[in-house]
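A.B. asks: the amino acid sequence is not available; the structure is as follows:
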């Protein structure tokens, strides 16, 4: 089925049909939908090789994921990646997962961008002063980040207000007279980890609540780390009155320790706040307080929208999205 047949059926020019199917923003939304519906009805699929020659694009986007971080099997990433891949595939754009090793210094993705094998990158686990992003910006490559950094020029980013999430949890505790708060956080230098930690610290400072350094842990984001640190805190003469964690694995480890010690439920319960909530397959079946973001499906959809806009040459400074978290409290904590 050719573009001419679709154009004839709709009374449009071949150029308009082609531009509508290729995502150009100078085609009215109503017209674009008519063209897409007619193409789907007729089973039209563009020739990928011809399309690449005509547009000069690879129709491929790479997502860079440092291999030293949490596994891609983590539901946080797997749900988002599935939706992102599906949405991009609707526009005949392939999503490629590119593992980044510390010694690589972004060389393979840069090589693929330079050769034209990729049209853009999605960068994860950003740091406050991310030299990877500086290099991409200096070279003029398209990229979008999950997280923020301080760069010399505007760039496209999606982020949650990670500072606000832990601040909300700590504020909730302090307003209820709980002052011995403990914080279980990751030990990496990613911006979101640092922002979550700072949100907790700022809440204590606003209430003039002194904080013991012994109750501020920076650990590998694993269940074992959360479990062992929580057991150590429970052994103190004055254990924490509440615990805030910055990720699901640490939170589950803390929940297991609290459950075994009899502090997860009942009148002696120590409130536990887990960023993103417990994992879907957690062995803990008792609800805990959660710092929730919008679903990873929504995240995947929004990132796909931003990538498509980036590929259509929308200025990067206009592609910046910040979503707010919220608290989901158990009945005991409300």
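C.D. replies: The structure has been received and is ready for your questions. Please read all numbers here as calculations on a predicted model, not as lab measurements.
A.B. asks: where do the helices of the stretch 201-334 of the chain begin and end?
C.D. replies: 223-234, 248-261, 296-311 (DSSP state H, counting those that start in this stretch).
A.B. asks: now, of these, which is deepest in the fold?
C.D. replies: helix 248-261 (a mean of 24; mean count of other Cβ atoms under 10 Å). Yep, even glycine has a C-beta here, placed from its N, CA and C like the rest.
A.B. asks: got the angle between that helix and helix 223-234?
C.D. replies: 50 degrees (axes from the mean of the first three to the mean of the last three Cα atoms, to 10 degrees).
A.B. asks: how distant is helix 248-261 from the center of its chain?
C.D. replies: 24 Å (Cα atoms, centre = their mean, to the nearest Å).
A.B. asks: still on that earlier bit, closest one to residue 325 among the helices of the stretch 201-334 of the chain?
C.D. replies: Minimum separation from residue 325 across the helices of the stretch 201-334 of the chain (Cβ to Cβ) falls at helix 296-311, 12.4 Å.
A.B. asks: which residues does stretch 126-143 contact?
C.D. replies: 64, 105-106, 110, 113, 119-123, 145-153, 155-156, 189-192, 194, 310-311, 316 (Cβ atoms under 8 Å, 6 or more residues apart in numbering).
A.B. asks: what does stretch 100-114 give?
C.D. replies: Counting by Cβ under 8 Å, 6+ apart, 62, 64-68, 98, 118, 121, 132, 135-136, 139, 141 sit against stretch 100-114.
A.B. asks: of the contacts of stretch 126-143, which belong to strands?
C.D. replies: 64, 120-123, 145-146, 156 (DSSP state E).
A.B. asks: quick check, nearest of those residues to residue 84?
C.D. replies: Distances from residue 84 to the ones in strands among the contacts of stretch 126-143, taken by Cβ to Cβ, are shortest for residue 122, at 8.1 Å.
A.B. asks: pretty sure the closest one contacts residue 61?
C.D. replies: Yes - judged on Cβ atoms under 8 Å, residue 122 makes contact with residue 61 at a distance of 6.4 Å.
A.B. asks: now the common contact residues for those two.
C.D. replies: residue 307.
A.B. asks: lowest average confidence, helix or strand, in the protein?
C.D. replies: helix 48-55 (a mean of 54; mean pLDDT, DSSP states H and E).
A.B. asks: residue 283: how many residues sit nearby?
C.D. replies: When neighbours are counted by other Cβ atoms under 10 Å, residue 283 registers 11.
A.B. asks: could you find the closest non-adjacent residue to it?
C.D. replies: Spatially, and ignoring its direct neighbours in sequence, residue 283 is nearest to residue 256 (7.2 Å; Cβ to Cβ, 6 or more residues apart in numbering).
A.B. asks: repeat for residue 172
C.D. replies: Of all residues not flanking residue 172 in the chain, residue 327 sits nearest, at 6.3 Å (Cβ to Cβ, 6+ apart).
A.B. asks: does the one you found touch residue 277 like I think?
C.D. replies: No - here residue 327 does not reach residue 277: they are 11.0 Å apart, not a contact under Cβ under 8 Å.
A.B. asks: of those two, give the one with the bigger neighbour count.
C.D. replies: Neighbours were tallied for residue 327 and for residue 277 using other Cβ under 10 Å; the higher tally belongs to residue 277 (19 against 16).
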